[in-house]
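*Asks:* structure, please.
(2 chains)
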Amino acid sequence: MTGKVWFSFIYLGGLTVLALLVPFFNFDPTQIDESLIGRPQAPSFAHWFGTDELGRDILLRSIYGSRISLMVGFVSVGISICIGVIVGVLSGFIGGRVDFLVMRVLDTLMALPTLFLILIIQVMLEPSIFNVMVVIGVTSWMGVARLVRAEVLSMKERVFVTACRARGIVERKILFKHIVPHTLNPIIVAAMLGMGGAILIESVLSFLGLGVQPPHASWGNMLENSLGYLRDAPWMALIPGVLITLTVLSLNFLGDGLWLLLDPKARERDVIHT
Amino acid sequence: MLHVLYKRFLVVVPMLLGVTLISFFIMKAAPGDPVSMYMDPSVSLEDMQQIRENLGFDLPVYKQYVLWLKELCLGNLGYSYVTGKPVFQAIVERLPATLLLSISSLVVILLITFPLGLICGYKKDTLVDDSITVFSFLGLSIPSFWLGLMFILLFSLTLDLFPTSGFMDPLLYDASIFQKAMNIGYHMFLPLLTIVVGGIAGLTRYNRFGVIKILAQDYIVAARARGISEFRLLFKHALKNIMLPIITILGLDLPSLIGGSYIIEYIFSWPGMGQLGVQAVFQRDYPILMATILFSSFLIIIGNMIADICYAYVDPRISRGKERV
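*Replies:* A predicted model of the protein is given here:
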């Protein structure tokens, strides 16, 4: 268990540091080497990850791509958690008919194939990084809302809430000071898993040309560029794919590890629903 | 059993309506004027206005929705912007390939995850459990479209073992059914493998926790104390209870399984609804897009309903009227 978590920490930490620091150096990920156009070079000492079809350095583009992926992960999960928590808390706390109605709407939204819905919305909007983040955020909050609602429902029945009421604490204060903090642990876990999901979706969108637009580098559009060179320059397709996999894997490991860490009873209890 | 069906029905109908409402608004929100999409550019503006009125575009939105829903029930989903073919027909033609691929991958995923979860849960926190967990997480984290590309690169372009794309060799048009089926299976192998790799992790994980939970229960401990063999214990006493959560999770996993398989269909040129949908994305063919999302949601809702009915069948407590938590 710990091995996996350490691996994830080190990998994600390293990636974040690189992503944050790279703009301070004088590198240009869009710089084209005219002599190498149409002739991607295999990895070498000069270009550790090789070059792409326009002679651009793949290592540099990968690092710039990680900025996109991490940002998409953070922002879209931030959005989905905000919406999910608000809906989940209100629905669970108010209960009754409101809760019933909200849950039916959630059921319906969850029956839509998310990825395809995002594709359609992206087609209608201008493809841009900003839109990608917002669209992923507003289409993936339903799991969080369910999770938070379930937690609030179970908290509402606890003795400490009754005790709060007996002491005359107003409902609003009970909700925000005593119940909501308890839902934090599952939210953190859901956030980790959600970030992985968002990064995967961004890569699909950019791969299909509906996400980050060239000449900006993202792991998804690097894969799109690699399509014509699958046989001649397989490293162009291999490197971004491996990076996406490692990043999402680390986030999943962290989510799983944190869940057991934050909630030791989880091993005996029911499984988490995200 | 009957009142379970009745109750499910009450839940499913509003969901179906909700999905049609969303699809309708996707169509409404789509940029471009549908009338001018189909018309000859030489048609005069007044005529265009008349056509719009004839088609009911001047009505309030809710009336338009009711009209649209009526046509939908009659199987009229409009016409493709690109080919001019009826959308309903285009979708129905693609349905068998999609159903074949998604049902086969579901079955294979179940056949694989069930024993895996059992092993992981039974031998929890051992090397076997850890390795299976790591590998299934790896499957979950790989972008499936990239994995598909890598499979094409390895199995088709390098080793020349499987075809890169397609459904069936056109040469086999008059071949026997058996030969055709074999050929379709041969073409389906890579897309199936890609979907299965991505789908194993979640279910195995849930299954593992299920097994751990069940094996810790008093009735299992009691059975063990009576000296029942481990094999009988697992397969006679624990099995049914282990299966229960899997059915629910399978239902919950459906949207991502179906949505995810669309990209795979596109990568492998599998002639299903997904390929149609992704192509429609590129062509901005909104009627097809709307119909694809509508049909896939229907599939998901129906799949969920089947899961719930199975659940009630396996768990007699449900059909005797006690709610599941």
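
*Asks:* any idea which element residue 99 lies in?
*Replies:* Picking chain A for this. helix A:96-110 (DSSP states H and E).

*Asks:* wait, chain B
*Replies:* Take DSSP H and E as the rule and B:L99 turns out to sit in helix B:87-122.

*Asks:* how about low-confidence regions in chain A?
*Replies:* With pLDDT under 70 as the threshold, chain A has low-confidence stretches at A:1, A:36, A:263-274.

*Asks:* tell me which residue is most central in it.
*Replies:* In chain A, the centroid-proximal residue (CA atoms, centre = their mean) is A:M195; its distance is 1.8 Å.

*Asks:* and B:L72, what is it in contact with?
*Replies:* By CB atoms under 8 Å, 6 or more residues apart in numbering or on different chains, the contact set of B:L72 is B:T20. C-beta coordinates here come from the backbone N, C-alpha and C atoms, glycine included.

*Asks:* coming back round to it: briefly note if the helix holding A:D99 comes near chain B.
*Replies:* Yes. Using CB under 8 Å from any CB of the partner chain, helix A:96-110 comes into contact with chain B via A:R104, A:V105, A:D107, A:T108, A:M110.

*Asks:* would you state the helices of the stretch 201-325 of chain B in chain order?
*Replies:* If DSSP state H, counting those that start in this stretch is used as the criterion, the helices of the stretch 201-325 of chain B fall at B:218-225, B:230-232, B:239-267, B:273-283, B:286-314, B:316-319.

*Asks:* got the angle for the third one vs helix A:96-110?
*Replies:* It stands for helix B:239-267. Taking axes from the mean of the first three to the mean of the last three CA atoms, to 10 degrees, one finds helix B:239-267 and helix A:96-110 inclined to each other by 50 degrees.

*Asks:* export only the CA atoms of stretch B:7-18, formatted as PDB.
*Replies:* This file holds the C-alpha atoms of stretch B:7-18, laid out as PDB (Å, rounded to 0.1, in the frame of the first residue of the first chain):
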ATOM      1  CA  LYS B   7     -42.100   0.500  -8.800                       C
ATOM      2  CA  ARG B   8     -39.300   0.400 -11.300                       C
ATOM      3  CA  PHE B   9     -41.600   1.500 -14.000                       C
ATOM      4  CA  LEU B  10     -42.700   4.500 -12.000                       C
ATOM      5  CA  VAL B  11     -39.100   5.500 -11.700                       C
ATOM      6  CA  VAL B  12     -38.100   4.800 -15.300                       C
ATOM      7  CA  VAL B  13     -40.800   6.700 -17.100                       C
ATOM      8  CA  PRO B  14     -39.900  10.100 -15.700                       C
ATOM      9  CA  MET B  15     -36.200   9.300 -16.300                       C
ATOM     10  CA  LEU B  16     -37.000   8.600 -20.000                       C
ATOM     11  CA  LEU B  17     -39.000  11.800 -20.200                       C
ATOM     12  CA  GLY B  18     -36.100  13.700 -18.600                       C
END
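
*Asks:* list the buried residues for it?
*Replies:* Along stretch B:7-18, the positions that meet the burial threshold by neighbour count (16 or more other CB atoms under 10 Å in any protein chain shown) are B:R8, B:V12, B:M15, B:L16, B:G18.

*Asks:* residue of the stretch 151-300 of chain B nearest chain A, please.
*Replies:* Across the stretch 151-300 of chain B, no residue is closer to chain A than B:G259, which sits at 3.2 Å (CB to the nearest CB).

*Asks:* can you pull the contacts of that residue?
*Replies:* If a contact means CB under 8 Å, 6+ apart, then B:G259 has A:P113, A:T114, A:L115, A:F116, A:L117, B:S296 as its contacts.

*Asks:* what's the local residue count around the closest residue in space to it that isn't next to it in sequence?
*Replies:* Nearest non-adjacent residue to B:G259, counting by CB to CB, 6 or more residues apart in numbering or on different chains: A:P113, 3.2 Å away. Per other CB atoms under 10 Å in any protein chain shown, the neighbour tally for A:P113 reads 26.

*Asks:* dump the residue contacts of A:P113.
*Replies:* B:P255, B:S256, B:I258, B:G259, B:Y262, B:I293, B:S296, B:S297, B:I300.

*Asks:* identify the farthest-apart pair in the residues you listed.
*Replies:* Spatially, the most separated pair among the contacts of A:P113 is B:S256 and B:I293, at 14.6 Å (CB to CB).

*Asks:* the more surrounded of these two?
*Replies:* Per other CB under 10 Å, whichever of B:S256 and B:I293 has more neighbours is B:I293, with 23 against 17.

*Asks:* give me the phi and psi for A:R158.
*Replies:* Summarising the backbone geometry of A:R158 under the convention degrees, to the nearest 10, its torsions are phi -70, psi 160.

*Asks:* and it, how close does it get to chain B?
*Replies:* 17 Å (CB to the nearest CB, to the nearest Å).

*Asks:* returning to that earlier point: where among the helices of the stretch 201-325 of chain B is the average confidence lowest?
*Replies:* Per-stretch averages of pLDDT across the helices of the stretch 201-325 of chain B put helix B:316-319 at the bottom, with a mean of 64.

*Asks:* give me the low-pLDDT residue ranges for chain B?
*Replies:* When residues are selected by pLDDT under 70, those of chain B lie in B:1, B:33-41, B:172-173, B:316-325.

*Asks:* can you add distance to B:H187 and give the contacts of A:P113 back as a markdown table?
*Replies:* As requested, the contacts of A:P113 are exported to a markdown table (distance: CB to CB, whole Å):
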| residue | distance to B:H187 |
| --- | --- |
| B:P255 | 26 |
| B:S256 | 24 |
| B:I258 | 20 |
| B:G259 | 22 |
| B:Y262 | 17 |
| B:I293 | 26 |
| B:S296 | 22 |
| B:S297 | 27 |
| B:I300 | 25 |
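
*Asks:* circling back: chain A next: which of the buried residues of stretch B:7-18 are close?
*Replies:* B:M15, B:G18.

*Asks:* need the buried residues of stretch B:7-18 in JSON lines with secondary structure and distance to B:A90, can you?
*Replies:* Below are the buried residues of stretch B:7-18 laid out as JSON lines (DSSP: H, G, I helix; E, B strand; the rest coil; distance: CB to CB, whole Å):
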{"residue": "B:R8", "secondary structure": "helix", "distance to B:A90": "30"}
{"residue": "B:V12", "secondary structure": "helix", "distance to B:A90": "26"}
{"residue": "B:M15", "secondary structure": "helix", "distance to B:A90": "25"}
{"residue": "B:L16", "secondary structure": "helix", "distance to B:A90": "21"}
{"residue": "B:G18", "secondary structure": "helix", "distance to B:A90": "24"}
